[in-house]
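**Q** 3D, please:
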Amino acid sequence: MENGAVYRPTTEEDPGPARGARSGLAAYFSLGRLPMRRLALKALQLLLSLLAFICEEVVSQCTLCGGLYFFEFVSCSAFLLSLLILIVYCTPVYDQVDTPKVKQSDFYLTAGTGFVFLLASIIFVSTHDRTKAEIAATVFGFLASIMFLSDFVIMLFERRQESQMRKPEAARSAGALTEPLNA
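**A** Got it, this is the predicted structure:
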């Protein structure tokens, strides 16, 4: 028996596309679906809401706990929702779902989270006992709500630009429909 016949079935000449610089889990992530500033805002939303939640969890006792509990719920929810939308944008899940629905969900989740996080931060500031952990949590909460709201404003601006670009097309097609057919 010849050595080539023994080793040929087990050796691989071409490693294929699954190996190389982007192999394993990294091959599934794509950061190109969002513009860089929106990606940075999404990452800051994730980080700041996590830091707000961690700082709030360090608080050992409170006098008026309602604000603390509301802030805890909102900061944890904001972290999980921002993680979810970032996972959708950066993985093949984005290709599986209808793109306008992802963008619409992102728009409403970001707006709602930003406003509720701002409200929770204001309530927590007015009810906390002024410990260092509570102050840090509120600072991170306000910063996170600013990131959510600025991302919302950017998406709102982009939506307005898209609708204004579509208006001339709609006017042209509507004008073609109102002209008589025998003209």
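
**Q** if I pick the residue nearest to Leu41 when sequence neighbours are not counted, what's in contact with it?
**A** Closest residue in space to Leu41, ignoring its immediate chain neighbours: Asp151 at 4.4 Å, by Cβ to Cβ, 6 or more residues apart in numbering. Heads up, the C-betas are built off the backbone N, CA and C, glycines and all. Applying Cβ atoms under 8 Å, 6 or more residues apart in numbering, one finds that Asp151 lies in contact with Arg38, Leu41, Lys42, Gln45, Thr110, Gly114.

**Q** Tally up the residues packed near Gly67, please.
**A** 20 (other Cβ atoms under 10 Å).

**Q** If you count contacts, what does the helix or strand that Leu84 is a member of end up packed against?
**A** Leu84 belongs to helix 65-90 when assigned by DSSP states H and E. Contacts defined by 3 or more Cβ pairs under 8 Å, 6 or more residues apart in numbering; DSSP states H and E place helix 65-90 against helix 36-58, helix 99-127, helix 132-178.

**Q** about what we covered before: considering the contacts of Asp151, which is situated nearest to Val74?
**A** Gly114 (10.7 Å; Cβ to Cβ).

**Q** so how far is Ala137 from the closest residue to Phe70 other than its chain neighbours?
**A** Nearest non-adjacent residue to Phe70, counting by Cβ to Cβ, 6+ apart: Ala120, 5.3 Å away. The gap separating Ala120 from Ala137 is 10 Å, by Cβ to Cβ, to the nearest Å.

**Q** shared neighbours of these two, which are they?
**A** Phe71, Ser75.

**Q** what about the residue lying closest to Phe115 once chain neighbours are set aside, neighbour count?
**A** Closest residue in space to Phe115, ignoring its immediate chain neighbours: Leu149 at 7.3 Å, by Cβ to Cβ, 6+ apart. Here the count is done by other Cβ under 10 Å, and Leu149 has 17 residues near it.

**Q** The one 10 residues further on too?
**A** When neighbours are defined as other Cβ under 10 Å, Arg159 has 13 of them.

**Q** can you pull the contacts of the spatially closest residue to it that is not a sequence neighbour?
**A** Leaving aside its sequence neighbours, Arg159 sits nearest to Phe107 (Cβ to Cβ, 6+ apart; 7.3 Å). By Cβ under 8 Å, 6+ apart, the contact list for Phe107 reads Phe152, Met155, Leu156, Arg159.

**Q** Can you tell me which of those are buried?
**A** Taking 16 or more other Cβ atoms under 10 Å as the criterion, what is buried in the contacts of Phe107 is Phe152, Met155.
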